[in-house]
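Asker: take this sequence and fold it.
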Amino acid sequence: MSNNSINIIFFGNTNFSNPALVECNNHFNLKAVVTNASKKMGRGQKILDTPVMQLAKENDFNTIEGDDLKDKKLIKQLKNLKPDFFVVVAYRILPKELLEIPKYGSINIHSSLLPKYRGAAPIQHAILNQDKYTGISTFLIEPKVDTGKILEQEKVKIELNDNFGSLSEKLSKVGARLIKSSLLKCLDNNLDLTIQDESKVTFAPKIKKEDLIIDWSKEADTILARIKAFCPKPGAYTTLKNKRLKIFEAQVLNDEINQKVGCIYNVEKDFFDIKCSKGSLRVTKVQMEGKKAMNCRDFIVGYQNLKSNILV
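Answerer: Alright, predicted model coming up:
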């Protein structure tokens, strides 16, 4: 079977999905792209496409809006395309009715070294836990989430300056690079796939609103990890005079200043310093509630009497 005769249906929603979508189109016969329907978003209630929908429209891919994955019309439509594989990247859980459709199975790209960090937020949890490495796993989808046999894995170093945005971009490119070889492996009848070791399973549950709150009673390293894990979106935040203040960029100061935890004790031209339980944070980029994100030089100019405020 030649590559361009292998029929693919791609499922995805986010920017993380797009590099893999491009690779599927480059190397295989892309029959359709399934993504969430366009929705009204924001204050202006503009109708916005998912990043995958945007890319699909730009390239005139056959696009299917997959709002109800158990809809009989959708199931029939996908069956009629006679796919050899589904490729699923940063999408939703596929019901059994869909998993039975492709001839050879469904492949998922997951942004961790499975069985570590099964679940919805593996990148954020790797940063929160201050891991030195993470990676990409491609695997055959089974009904139970993130449990399937592993096709390929690649380790990726988490650099000191990485945040959720930069690490997501790196991992998405690695996943895209692996999709061709992973898919072709599935056609090798003599291949022994790797079964996940259940004794090494850890989980990365969906991020909750309360996970975004900065607790200044923690050590500076721990707080900085939280800031990085939620940058650029949705943003870890604290409260300054009853308004949310998101912090996007900071660095750890290993000093021991005699100040109250959460106190802004030093304000300079381009930054301000906040006391943590151990060490301090030097903050350089923020976003005040109702305002745009800005560097601290602009923020400090517009916010008088910042010093000695206590953040909660």
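Asker: identify, among the helices and strands of this protein, the element with the weakest mean pLDDT.
Answerer: strand 39-41 (a mean of 70; mean pLDDT, DSSP states H and E).
Asker: which SSE is immediately downstream of that strand?
Answerer: strand 46-48 (DSSP states H and E).
Asker: just checking, what packs against that following strand?
Answerer: Strand 46-48 sits against strand 39-41, with contacts defined as 3 or more Cβ pairs under 8 Å, 6 or more residues apart in numbering; DSSP states H and E. C-beta here means a position set from N, CA and C on the backbone, and glycine is covered the same way.
Asker: buried set for the helix ranked longest in the chain?
Answerer: In the chain, taking DSSP state H as the definition, the longest helix is helix 164-185. Residues 164-165, 167-168, 170-180, 182-185 are the ones in helix 164-185 that count as buried (16 or more other Cβ atoms under 10 Å).
Asker: check stretch 205-220 too.
Answerer: For stretch 205-220, a neighbour-count test (16+ other Cβ under 10 Å) marks Ile207, Asp211, Leu212, Ile214, Trp216, Lys218, Ala220 as buried.
Asker: let's have these in TSV, adding secondary structure, distance to Leu113 and pLDDT.
Answerer: Output for the buried residues of stretch 205-220, formatted as TSV (DSSP: H, G, I helix; E, B strand; the rest coil; distance: Cβ to Cβ, whole Å; pLDDT from 0 to 100):
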residue	secondary structure	distance to Leu113	pLDDT
Ile207	coil	20	97
Asp211	helix	22	97
Leu212	helix	26	98
Ile214	coil	28	98
Trp216	coil	32	97
Lys218	coil	26	97
Ala220	helix	28	97
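Asker: where do the helices sit along the protein?
Answerer: Using DSSP H, the helices of the chain run over residues 18-27, 51-58, 72-80, 96-99, 122-128, 164-185, 220-229, 296-302.
Asker: winner for burial among the ones you listed?
Answerer: helix 122-128 (a mean of 24; mean count of other Cβ atoms under 10 Å).
Asker: helices and strands around that helix, which ones?
Answerer: For helix 122-128, the packing partners by 3+ Cβ pairs under 8 Å, 6+ apart are strand 133-140, helix 164-185, helix 220-229.
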